[in-house]
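>>> Predicted structure and sequence below. I'll ask about it afterward.
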Amino acid sequence: MGAERGKEETLAKKGKTVYVCQECGYESPKWMGQCVCGAWNSFVEEKVPEAAESDARRRGSAPSGRAAKPVPLGEVRSGERSRIQSGIGELDRVLGGGLVLGSLVLISGEPGIGKSTLLIQSAARIAAGAGKVLYVTGEESEEQIKIRADRVCGGRTEGLYLLAETNMEQILAAAEELQPGFLIIDSIQTMYSAELESAAGTVSQVRACTNQLMRLGKGKNIPIFVVAHVNKSGDLAGPKIIEHLVDCVLHFTGERDQELRILRSFKNRFGTTSEIGAFRMEEGGLVEVQNLSATFLEGIEEGTEGSVTAAVYEGTRPLLLEIQALTASSGIGFARRTAIGVDHQRLSMLLAVLEKKAGLWLQDQDVYVNVVGGLRPEGTSTDLAVAMAVYSAAKGVPLARDTLVLGEIGLTGHLRAVGHCDKIAREAARLGFRKLILPKKNAAMMQGGAAELALCPAENIREALQIAGLKR
Ligand SMILES: Nc1ncnc2c1ncn2[C@@H]1O[C@H](COP(=O)(O)OP(=O)(O)OP(=O)(O)O)[C@@H](O)[C@H]1O
Ligand SMILES: [Mg+2]
């Protein structure tokens, strides 16, 4: 109690210094080596603004900017909030069917992954259809943006306005004057509010700027896209509170030296978060990938042990992907388990089931599992494919190239049904697969399935391995 009161008193003395954790935003009157959130060395000195007015603004007011007055729920206008199309199908899909008016969307990703490219492309298309777009850049000059726009927008830049500015008050004034239908801030870490003394990119600045943007967006019904940096571990840089403030958090990923880019949403107040968008980075900008499964399966060769095709249902479409495994004798010490794209604990469980239920002894073997294409499929429908890939690698027996494997594995070794099996089967048949190994329950539920695809139901992992020809 005493400590709390002491902290409040210190904060009340305006113009004094506080220490803010750059990880969680916790404010402390004293510097601390470790924050309450567990982060070490994360405190940065910041000045508390002197004016009482700016303090009130710092705390924020109603997002709409209107005076607070309770409204009966029945009188609130209902129905789907109106959306505008960004003109990029894959982006609209991830957003849940387009940009919701007045929404604040955060997009993050590794440096150079293509965030600015994606935004300038959608900005140009929105400007062509839905009115003026203001692109605010704090990282590049107007000329640099122009060069990119010339390269990726095909010369269609009518209605697109650029502003190289980092002062939030100036930006708000410019937006007030231009009245854009869509606003882009690239990036939030370079913006600062003159109301605070701290440097751009600090927790209080990022928080204050986001708050100001939220008030602008909700007050004027403008959708706003905000670019945010990521930290070393790939998470969103800055305090977690930003993620709570915004309506939607998107993450743009991919390997910089490979062309494929995946856009996924971690939070979406207006749609599902299981939808993904796929792009290819080319000379002329980002190109939407319509047939993602075919892209993932491109490089698979017949007769490769340790390679199995799995399927997941992402959002509203089935996605087929290759799972690769490798086993190698481990040196002295403990055996290594490395998983990329597969949950580590899930892999440990699958290896234990393989040992107990399928007699595969891997205690002296290193095991590596990788989902090709840098994807991280969610859910458990890839369990059987992971187990089969490990089994195939360990035994040196390949699985037929035209076989798709689907199913969750329980601790008993039994296969459990997965969702949307019929849609996955149709997609598999379309892509040339001829055999689908699946849980018995799924096979029983399938009505007819696809004509060219043979359904091979299995009760448990042992049976599935036998059907696949991996185990005698
Ligand atoms: N002429 C070009 N041809 C093909 N690809 C290009 C070309 N110029 C740039 N790129 C691609 O665009 C990427 C940079 O895109 P962009 O600037 O949109 O990334 P960003 O995520 O905004 O980066 P930052 O974090 O630095 O702002 C490069 O990494 C490269 O892959
Ligand atoms: Mg950029």
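Thanks, I have the structure now. Numbers count the residues shown, from 1 in each chain. Ligands and ions are numbered 1, 2, ... in the order given.
>>> Pick out the residue of the stretch 351-472 of the chain closest to ligand 1.
Per C-beta to the nearest ligand atom, residue 374 is where the stretch 351-472 of the chain lies closest to ligand 1, at 14.8 Å. Where you see a C-beta, it was placed from the backbone N, CA and C, and this is true even at glycine.
>>> Tell me, how many residues neighbour that residue?
16 (other C-beta atoms under 10 Å).
>>> what's the answer for residue 75, then?
7.
>>> OK, contacts around it?
Contacts for residue 75 were tallied using C-beta atoms under 8 Å, 6 or more residues apart in numbering; there are none.
>>> Residue 197 versus the residue of the stretch 351-472 of the chain closest to ligand 1, what's the distance?
42 Å (C-beta to C-beta, to the nearest Å).
>>> which bits of this structure sit near ligand 1?
Within reach of ligand 1 by C-beta under 6 Å from any ligand atom, the chain has these residues: 109, 111, 112, 113, 114, 115, 116, 117, 139, 256, 281, 283.
>>> who's in contact with the first one?
By C-beta under 8 Å, 6+ apart, residue 109 lies in contact with 115, 230, 251, 252, 253.
>>> Closest residue of the stretch 201-350 of the chain to ligand 1?
For the stretch 201-350 of the chain, C-beta to the nearest ligand atom, closest residue to ligand 1: residue 283, 4.1 Å.
>>> Now do the SS call for the closest residue to that residue other than its chain neighbours.
The spatial neighbour of residue 283 that comes closest, neighbours along the chain excluded (C-beta to C-beta, 6 or more residues apart in numbering), is residue 151 at 7.4 Å. Going by DSSP: H, G, I helix; E, B strand; the rest coil, the secondary structure assigned to residue 151 is helix.
>>> Same question for the one 5 residues further on.
Assigned with three-state DSSP, residue 156 falls in the coil class.
>>> Hmm, it is touching residue 124, no?
Yes. If you go by C-beta atoms under 8 Å, residue 156 and residue 124 touch, sitting 5.5 Å apart.
>>> Have a look at these two and say which one is more surrounded.
residue 124 (23 against 13).
>>> what's the following helix or strand after the host helix or strand of that one?
Residue 124 is located in helix 115-130, with elements delineated by DSSP states H and E. Downstream of helix 115-130, the first helix or strand assigned by DSSP H and E is strand 133-137.
>>> returning to that earlier point: against which helices or strands is the helix holding residue 124 packed?
With contacts taken as 3 or more C-beta pairs under 8 Å, 6 or more residues apart in numbering; DSSP states H and E, helix 115-130 sits against strand 83-84, strand 104-109, strand 133-137, helix 142-152, strand 160-164, strand 182-186, strand 224-228, strand 285-288.
>>> at 6 Å what do you get?
Using 3 or more C-beta pairs under 6 Å, 6 or more residues apart in numbering; DSSP states H and E, the elements in contact with helix 115-130 are strand 133-137, helix 142-152, strand 160-164, strand 182-186, strand 285-288.
>>> how big is the angle separating it from strand 224-228?
Counting by axes from the mean of the first three to the mean of the last three C-alpha atoms, to 10 degrees, helix 115-130 lies at 170 degrees to strand 224-228.
>>> So that it lines up with my notes, have the first residue be 117 from now on.
Sure, I'll start counting at 117 from here, so that last one is helix 231-246.
>>> Now do helix 231-246: everything it contacts.
200, 202-204, 207, 223, 225, 249, 251, 264-265, 268-269, 272-273, 275-276, 297-298, 300, 302, 341, 343, 368, 401-402 (C-beta atoms under 6 Å, 6 or more residues apart in numbering).
>>> just how off-centre is that helix within its chain?
Offset of helix 231-246 from its chain centre (C-alpha atoms, centre = their mean, to the nearest Å): 20 Å.
>>> Tell me, how many residues neighbour the residue lying closest to residue 139 once chain neighbours are set aside?
Once flanking residues are discounted, residue 139 sits nearest to residue 155: 3.9 Å by C-beta to C-beta, 6+ apart. By the measure other C-beta under 10 Å, the count of residues near residue 155 is 14.
>>> Against ligand 1, how distant is residue 155?
24 Å (C-beta to the nearest ligand atom, to the nearest Å).
>>> quick one, helices of the chain?
118-128, 168-175, 205-211, 231-246, 258-268, 284-294, 319-336, 357-361, 408-413, 460-474, 499-511, 537-546, 556-561, 577-583 (DSSP state H).
>>> What angle do strand 249-253 and the fifth one make with each other?
Computed by the same axes, to 10 degrees, the angle separating helix 258-268 from strand 249-253 equals 120 degrees.
>>> Tell me which other helices or strands helix 258-268 touches.
So helix 258-268, by 3+ C-beta pairs under 6 Å, 6+ apart, packs with helix 231-246, strand 276-280.
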